[in-house]
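Visitor: Quick one: sequence and predicted model below, then my questions.
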Amino acid sequence: MTPVRGDLPARKRINRLYDESLYRFDAVEPSYWEATGGALSFASTALRGDASCDVAVIGGGYSGLSTAYHLAGNLQADVRVLEAGHIGWGASGRNGGFCSLGGSKLGLASAVRRYGIEAVRHYWRAQVDAVELVRSLILEEGIDAQITGDEELAVACSARSFAELRAHALDQFTLLRLDASVVPADEFRERYFDSPQQHGAIRIRPTFGLHPVRLVRGLARAAVARGAILHAGSEVLAWQKSGDVHLLSTAGGTLRAKKVVMAANGFMPEHLHRSFAGRPMPMISAIVVTRPLSDVELGAHRWQSSTPMITARNLLNYFRLLPDRRLLFGGRGHSSGGAAGTASNYELLISQMRQLCPAWHDVTIDYRWQGLVCFTRRLTPSIGRLADDPSVFFAFGYHGNGVNTSIWAGREIAGWIASGAGNAVPASIPLMVQGLSERFPLAAIRLWYLRARLAMLRAADRIDDLRS
């Protein structure tokens, strides 16, 4: 029997990057989505005793559920999902509900130098396909995901920023053959909202807003209907391999599988398998949601749109008006996960929201929560199978745009497994995302890299503000 991790008990070897409070798998994050997610309509029980399957999936979020859904439906495979918390416990149940283009933080010039323009266009075509995949899945499976809007707006917070968007961003979108257009400040004011920090925008399609928990529960229901088995409350504590069989041990039992898919993204248990150690860079993202806004309050900013929006800044904020007239406002978080940092980060978010909408200075906040998004060293997603063990597949690193990318990645992994294509990467998977990203050097101190990077981006934003 070959261990794929060290010989000491798994719990003693876990050295997580963030405060332990972020990894309370038995706790429900008190989000607006959890409060309004509707009734559960699928079966999910903890793994008990010994069981076996063709494919075991680690992670019960969008990536894992999409893999299970497409495998069970197209291959009729015996597939089981192991989730440490409840189904959708991680980022899939905590995000801002933006089904939008993105997934990569690699700049266009760098991407073209590294991969070539056609490979970069292939990636962005896949992003468009991924948005439409989510839309079609919602419609075909009858998921009440509360779709809103049909575009995303990158909002310029200064005249200088708008000039740069118009001069550079639009050209980049045109080069990539994406559907983008300029929205001048006066048109923006008439169609969307008015703010001292609104100076026009770039409109990008396709994008829409949705309810993340309703989507993850609907996807879980659809996967179970196709024959997948979901095991919530089943944290994988050890991963070994005996011959050609993987043994995934939880507190309640052991699952034997011919193939394994690592689909845990920002909460990846990288300690379980040496191939994943040091690969992800989890980053805290936090969200606040206001109480419902009155007609008078919405009128004060001429707010008349549910379109998903972001600020065109180095450290962006993302926001949208929800169907019950609450404002959702999010942004990148602090770098520890502890109580003091969490509290101060929420206050920063609320301050940024009130700068955008000063007429709402006394609007109370009803919900606040945080989770982990996942970056990689090369700044693109990592999708593939291990070169030294082709029975292990993976998908992670969505850089804060995981709703569409993760569901698309799950479909691609399922198709790869179903095809029996061996190590040959399917032509549908863009070069930009293939294989594992490089490890972070001195991975144990990754948060120091992150802190330095966040400080640089904040400083750049402050300089831009002073120049504007």
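Guide: Perfect, I can see it now.

Visitor: Below-threshold pLDDT in this protein: ranges please.
Guide: 1-14, 75, 421-422, 457, 459, 461-468 (pLDDT under 70).

Visitor: mind running it again at 50?
Guide: Scanning the chain with the threshold set as pLDDT under 50 gives 5-13.

Visitor: in it, which spans are helices?
Guide: Counting by DSSP state H, the chain has helices at residues 10-13, 32-35, 62-74, 108-115, 117-140, 159-164, 170-175, 185-191, 212-225, 295-300, 339-356, 402-419, 446-467.

Visitor: want to throw those helices into JSON lines with mean neighbour count and distance to Ser242?
Guide: Heads up, the C-betas are built off the backbone N, CA and C, glycines and all. Listed next are those as JSON lines, based on neighbours: other CB atoms under 10 Å; distance: least, CB to CB, whole Å:
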{"stretch": "helix 10-13", "mean neighbour count": "12", "distance to Ser242": "17"}
{"stretch": "helix 32-35", "mean neighbour count": "20", "distance to Ser242": "39"}
{"stretch": "helix 62-74", "mean neighbour count": "28", "distance to Ser242": "23"}
{"stretch": "helix 108-115", "mean neighbour count": "15", "distance to Ser242": "39"}
{"stretch": "helix 117-140", "mean neighbour count": "18", "distance to Ser242": "36"}
{"stretch": "helix 159-164", "mean neighbour count": "17", "distance to Ser242": "57"}
{"stretch": "helix 170-175", "mean neighbour count": "15", "distance to Ser242": "50"}
{"stretch": "helix 185-191", "mean neighbour count": "15", "distance to Ser242": "61"}
{"stretch": "helix 212-225", "mean neighbour count": "25", "distance to Ser242": "28"}
{"stretch": "helix 295-300", "mean neighbour count": "14", "distance to Ser242": "61"}
{"stretch": "helix 339-356", "mean neighbour count": "16", "distance to Ser242": "42"}
{"stretch": "helix 402-419", "mean neighbour count": "26", "distance to Ser242": "21"}
{"stretch": "helix 446-467", "mean neighbour count": "14", "distance to Ser242": "32"}
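
Visitor: possible to save those helices as a markdown table with distance to Asn314?
Guide: What follows is these, written out as a markdown table (distance: least, CB to CB, whole Å):
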| stretch | distance to Asn314 |
| --- | --- |
| helix 10-13 | 36 |
| helix 32-35 | 27 |
| helix 62-74 | 27 |
| helix 108-115 | 16 |
| helix 117-140 | 21 |
| helix 159-164 | 11 |
| helix 170-175 | 16 |
| helix 185-191 | 21 |
| helix 212-225 | 25 |
| helix 295-300 | 29 |
| helix 339-356 | 14 |
| helix 402-419 | 20 |
| helix 446-467 | 4 |
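
Visitor: Pull the distance from stretch 21-39 to the chain's centre.
Guide: Put simply, stretch 21-39 sits 16 Å off its chain's centre (CA atoms, centre = their mean, to the nearest Å).

Visitor: Give me the contacts around it.
Guide: 16, 84-86, 89, 93-94, 97, 144, 211-214, 217, 233, 235, 267, 284, 287, 289, 322, 326, 328, 337-339, 366-372 (CB atoms under 8 Å, 6 or more residues apart in numbering).

Visitor: distance between the ends of it?
Guide: End-to-end distance for stretch 21-39: 26 Å, by CA to CA, to the nearest Å.

Visitor: buried ones in it?
Guide: 22-23, 29, 31-34, 36-37 (16 or more other CB atoms under 10 Å).

Visitor: what does stretch 357-364 give?
Guide: Result for stretch 357-364 [16+ other CB under 10 Å]: buried residues 357, 359-360, 363.

Visitor: circling back to that earlier point, tell me which of the helices of the chain sits nearest to Gln240.
Guide: helix 10-13 (10.6 Å; CB to CB).

Visitor: Pull stretch 397-414 out as CSV, backbone CA atoms only.
Guide: Presented in CSV, the C-alpha positions along stretch 397-414 are these (Å, rounded to 0.1, in the frame of the first residue of the first chain):
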residue,chain,number,x,y,z
GLY,A,397,-7.7,28.1,-9.6
TYR,A,398,-10.6,30.2,-10.9
HIS,A,399,-9.3,33.6,-9.7
GLY,A,400,-12.6,34.8,-8.3
ASN,A,401,-14.6,33.9,-11.5
GLY,A,402,-15.6,30.3,-10.6
VAL,A,403,-19.3,30.1,-11.3
ASN,A,404,-19.0,29.5,-15.0
THR,A,405,-15.4,28.2,-15.1
SER,A,406,-15.9,25.6,-12.4
ILE,A,407,-19.1,24.1,-14.0
TRP,A,408,-17.4,24.1,-17.4
ALA,A,409,-14.3,22.5,-15.9
GLY,A,410,-16.4,19.7,-14.4
ARG,A,411,-18.0,19.0,-17.7
GLU,A,412,-14.5,18.9,-19.4
ILE,A,413,-13.1,16.5,-16.8
ALA,A,414,-16.1,14.3,-17.0
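
Visitor: what about that stretch, distance to the chain center?
Guide: With CA atoms, centre = their mean, you get 8 Å for stretch 397-414.

Visitor: Over to stretch 88-97?
Guide: 7 Å.

Visitor: try stretch 122-134
Guide: For stretch 122-134, the distance to the chain centre is 15 Å (CA atoms, centre = their mean).

Visitor: The closest residue to Ser305 other than its chain neighbours: neighbouring residues, count only.
Guide: Leaving out its chain neighbours, the residue that sits closest to Ser305 by CB to CB, 6 or more residues apart in numbering is Tyr192, at 4.5 Å. Per other CB atoms under 10 Å, the neighbour tally for Tyr192 reads 23.

Visitor: quick one: Tyr192 from Arg302, how far?
Guide: In this view, Tyr192 and Arg302 are 8 Å apart by CB to CB, to the nearest Å.

Visitor: Ala156 now?
Guide: Distance from Ala156 to Arg302, by CB to CB: 17 Å.

Visitor: With Gly60 instead?
Guide: Taking CB to CB, one finds Gly60 at 41 Å from Arg302.

Visitor: now Asp144
Guide: From Asp144 over to Arg302 (counting by CB to CB), the distance is 30 Å.

Visitor: ditto for Pro430
Guide: On the measure of CB to CB, Pro430 and Arg302 end up 40 Å apart.

Visitor: The two: which has the busier surroundings?
Guide: Here Pro430 and Arg302 are compared on neighbour count by other CB under 10 Å; more neighbours surround Pro430, at 23 against 15.

Visitor: Let me see the contact set for the more buried one.
Guide: 119, 122-123, 126 are the contacts of Pro430 under CB under 8 Å, 6+ apart.

Visitor: if you set the cut-off to 10 Å instead, what comes out?
Guide: With contact taken as CB atoms under 10 Å, 6 or more residues apart in numbering, Pro430 is in contact with 104, 115, 119-127, 380-381, 383, 412.

Visitor: ok, now Ala277?
Guide: Applying CB under 10 Å, 6+ apart, the residues contacting Ala277 are 5, 268, 270-271, 439, 443-444.

Visitor: make it 8 Å
Guide: 270-271, 439, 443.
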